[in-house]
Every structure is written in C-alpha cells, then in structure tokens.
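the following block contains a protein sequence and its predicted model.
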Amino acid sequence: MASGEGRRRHHDLVPLAALLKREMKSEKMEKPTVRFGHAAQSKKGEDYFLIKTDCQRVPGNPSSSFSVFAIFDGHNGNAAAIFTRENLLNHVLSALPRGLGRDEWLHALPRALVAGFVKTDKEFQSRGETSGTTATFVIVDRWTVTVASVGDSRCVLDAQGGAISSLTVDHRLEENIEERERVTASGGEVGRLSIVGGAEIGPLRCWPGGLCLSRSIGDMDVGEFIVPIPYVKQVKLSKAGGRLIIASDGIWDALSSEMAAKSCRGLPAELAAMQVVKEALRTRGLKDDTTCIVVDIIPPDNELPPTPPPQKRNKLRDLLSFRKRSRDSASKLSKKLSAINIVEELFEEGSAMLAERLGNDDNLNTGQSTSGIFVCAVCQVDLAPSEGISVHAGSIFSTSSKPWQGPFLCSDCRDKKDAMEGKRPSGVKVS
C-alpha cells in the first residue's frame, strides 16, 4: 500500500555518514540545555520522585537523548509510589514500537504512556497491597514536553514572556465534575465522610475506601473505577524555552500555579525548587509531604534562563498562547509559532476509556510483533492470533465496535478494561 511515508524522492542521494554528521550537527545547534533542581520536606514519607537525564531513544546514540522527571505522591503507605517509580518508565518504553524516527516516536508516546500506566497499575495490584499513588510523569525531548498524570500532582509551564499554564488536570472528586459523573456511572459511590449525628464533613470521596481522587495507580481496595488512565498533554516550546514546575499537592494546597511560578522567577533551577518549597511552608506550614522539581529548558546560546518581568499581553496573543497543530502544515506552523514565542499544543487527551486512548492509528504499531505474533497493547505479552481480543470489542449492539481491528489485549487486560468501565465487578479481592 502506497503512503506518504513511502513516496520519497530518491535523487540527490547523500552518503549515510555525511547525513548522520549533518543531522548530529543540526541537533547540537538546536538542542536546548536542560537544567533541573529538586527540593522536599517530608511529613509522612510517602512522596517519591524520579529524575533521569540520560535516556536514549536509540540505545548508544547520544543525539537521541531525552530526560524524564516524575513525582509520585503515595497514600495509605509508600508501596505504590516506590513500585511506580521503579517500573513505570520501563513499561512506557516497552510499549513504544521499535525503529521509529524522532517525530514518529513523539507521536507514539501518548499511547505508550497510557499502556505503561495501566500495566504498572495492573502489576502492582497483583501484589495484593492496598497502597496507592499519584503519578505525574514528564518527558522532555529537546523543545517537546510530554506530560502524563493521574491524581493531583501538578505540572505547570512558565513560558518565557510571563504566560503560566497547567499541563495537567487535577483528578479530585471535589473539583472535577466530569470525573464524579464517570465514577458514579461506573458503579462507585461519591459522598463526604459522615460523622455521628449524620453530619457530613471534608471533601468528596469515593466509597468504599474513602479516596479523594478519581484516578491513581494502585488503590485496589477502592474499586477499579478509580482508573490509572492518565491525562496526557504534549506541547512544543518556542526557541525561547521555558520552566516546568512539577510538585506534589503539598505545594499546590498552599500555592496557586501563578504564586509558585512567580515566587521563583530569576533563580536557577535548584534554588527555584527550594524557594517554591519554602514559600509553601511559609504559607501553610508542613501539613503534608512537600516535593518540587523545577526544570529549565534553556536556548543553547543562553547560560541562564532569561528573567523578564511579566509583560502586558493583548487579548489576541493570550488566545493564541496555545494552538492546535494542523497536520498538513505542521512544519511551517511550528516555525512561525516558535518565532513569536508561542507554545504549540501537539496533543491533549483525558478520556478514561481505554479503547479511545489506545485507538487504531494506522501510522503506529497495531499490535503485531516482528515475529508475526500479536502482542497485548498494554502488557506486551505475545498472543497467538486466536487469543487476542480487540480493544474495540464490545456489545454486538454497538455500531461503533470494531472487533476485527487492533490494538489487541490479552484476556487479563481485557478483564481490567471491563472492570474500569464498570462492565463487571472488580475481580480483585483484598485479604
């Protein structure tokens, strides 16, 4: 089958060695500097973080490097946070098809993040522990930032020029009406804590279990309608760069996104992280674990990030601060947006439906390995052709079902999908 990818010109051939040298030189010129800092104050000992700056899309190729920054805010113990820190990155990478170029790799990343989150949750629940954790997982590849999150550990972007925006959505039942409706539709009960006399106190919680969050990793005692399917957002920064502030709710319960960003402007990343924690403690005191990572994405010709004061912006520019990318003119649009310091939105999706998130994009791996054996789109186990169950398989009365199309799931992952959607009771038993 002919495709746009297959119709390439073959004249003016360039030797491979020269092509690689040219590409590496171009990457070196365009690649920003990434600097980071971390600070924390512990109250319960349930916050964990991950910083890894030596990851490579192509093993052994330094020019394919990317960085990972993550925060895991555990509850009901630290087991889920520790397990997620140790396993999530590998599960995400294993869900990415092999042999992709950089653009294709970035395009495949949102789906791989969904698969990695669900696999991590499934494996942790199989251990029979009732702990849970938020997860805010950030991948920085040159100017492109991809964030996947469940729970309420937020990631904020402070772009050059003073524009502050959130790259995550808080999955708190108290504040997120859509998530409340989804949980109740899937069989959960949402309400406040009742005390003697019938009075209700505190934030909205999901029962059984009393969890305030609608999405997390773990929490097998609450019910599988508390899903691990992340909200994912991918943006491309302008060549002016920007600052990321990734923090647990110990920060965000004390500071707004704007307060956190403004409190540390002008400081290098390490001092900035310390300042955000200090400001949160000054405002609210140490009532919860308080963890912050600051990441500066700096143009290659800048030693330190520029620190201009917030500028007055006209309404039109504010409306254009995020723009959807048009696929047929992506390259031209990207250059224009970068030139005028506008952050380009590449991807955003928050659906809790696994079929919608795994999709059936023909440009990506549809669930068949190089050996010809089908693989589960979530846990990556090999499947015989007769074993795979399409992620689209559902009721025979559903006109939208496409049970013949991949991606495919193993029976265990199919059972988990049904449980998350409220189609069957959770099979998890807590001793």
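All right, it came through fine.

now do the contacts for the nearest residue to Pro228 once chain neighbours are set aside.
Nearest residue to Pro228, sequence neighbours excluded (CB to CB, 6 or more residues apart in numbering): Asp121, at 3.6 Å. (Each C-beta comes from the backbone N, C-alpha and C, glycine too.) Listed by CB atoms under 8 Å, 6 or more residues apart in numbering, the contact set of Asp121 reads Ile217, Gly218, Pro228.

and if you look at Asp289?
Asp289 neighbours (CB under 8 Å, 6+ apart): Ala40, Gln41, Ser42, Lys43, Lys44, Gly45, Glu46, Asp47, Asp73, Ser248, Gly250.

phi, psi for it please.
The phi/psi pair for Asp289 (degrees, to the nearest 10) reads phi -60, psi 140.

quick check, pLDDT for it.
In this model, Asp289 is scored at 94, pLDDT.

ok, now Leu316?
pLDDT for Leu316: 39.

what's the answer for Gln368, then?
Model confidence at Gln368 (pLDDT) stands at 45.

before we move on, what about Val34?
For Val34, the pLDDT comes out at 96.

centre of the chain to the host helix or strand of it, how far?
Here Val34, judged by DSSP states H and E, is contained in strand 33-41. In terms of CA atoms, centre = their mean, to the nearest Å, the centre of strand 33-41 is set 19 Å apart from its chain centre.

so what sits opposite Glu344 in the bridge?
Per DSSP bridges, the residues bridged to Glu344 are Lys236, Arg323.

and for Val34?
Beta-bridge pairing for Val34 (DSSP bridges): Ile297.

wait, it touches Val295, no?
Yes: using CB atoms under 8 Å, Val34 is in contact with Val295, at 6.5 Å.

what do the two both touch?
Ser67, Val140.

neighbour count for the two, which is higher?
It is Val295, of Val34 and Val295, that has more neighbours when counted by other CB atoms under 10 Å, with 26 against 20.

the more buried one reaches Gly242, doesn't it?
No: contact criterion CB under 8 Å: Val295 and Gly242 do not qualify, at 9.1 Å.

on that earlier part again, neighbouring contacts of the strand holding Val34?
Here strand 33-41 makes contact (CB under 8 Å, 6+ apart) with 47, 49, 51, 53, 67, 69, 140, 250, 268-274, 276-277, 281, 286, 289-300, 302.

got the domain boundaries for this protein?
Domain segmentation of the chain under automatic domain parsing yields 32-168+228-349, 354-431.

relative to Thr184, which of the ones you listed is closest?
Closest to Thr184 of the domains of the chain is domain 354-431 (CB to CB; 9.5 Å).

one step back: what kind of secondary structure is the residue nearest to Pro228 in?
Here Asp121 takes the helix state, with states given by DSSP: H, G, I helix; E, B strand; the rest coil.

spatially central residue for this structure, please.
The residue lying closest to the centre of the chain (CA atoms, centre = their mean) is Ala148, at 0.8 Å.

pull out the buried residues from the host helix or strand of that one.
Assignment of secondary structure by DSSP H and E places Ala148 within strand 144-150. For strand 144-150, the neighbour count (16 or more other CB atoms under 10 Å) marks Thr144, Val145, Thr146, Val147, Ala148, Ser149, Val150 as buried.

centre of the chain versus stretch 86-93, how much separation?
Distance of stretch 86-93 from the chain centroid (CA atoms, centre = their mean) equals 12 Å.

cool, stretch 405-422 as well?
Worked out by CA atoms, centre = their mean, stretch 405-422 lies 21 Å from the chain centre.

quick check: end-to-end length of that stretch?
Using CA to CA, to the nearest Å, the end-to-end distance of stretch 405-422 comes to 23 Å.

just stretch 195-204 next, same as before
Stretch 195-204 has an end-to-end distance of 14 Å (CA to CA).

now tell me what touches that stretch from outside.
Stretch 195-204 has contacts (CB under 8 Å, 6+ apart) with Arg172, Leu173, Glu174, Arg180, Val190, Gly191, Arg192, Leu193, Ser194, Cys212.

over stretch 75-82, what's the mean pLDDT, rounded is fine.
Stretch 75-82 comes out at a mean pLDDT of 96.

restrict it to CA atoms and write it as PDB.
Taking Å, rounded to 0.1, in the frame of the first residue of the first chain, the C-alpha atoms of stretch 75-82 are listed here in PDB:
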ATOM      1  CA  HIS A  75      -1.200   7.400  50.200                       C
ATOM      2  CA  ASN A  76      -2.100   4.600  52.500                       C
ATOM      3  CA  GLY A  77       1.600   3.700  52.600                       C
ATOM      4  CA  ASN A  78       4.500   4.200  50.200                       C
ATOM      5  CA  ALA A  79       4.500   0.800  48.400                       C
ATOM      6  CA  ALA A  80       2.600   2.000  45.300                       C
ATOM      7  CA  ALA A  81       4.800   5.100  44.900                       C
ATOM      8  CA  ILE A  82       8.000   3.100  45.200                       C
END
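
what helix or strand does Ala254 sit in?
Using DSSP H and E, no element contains Ala254; it sits outside every helix and strand.
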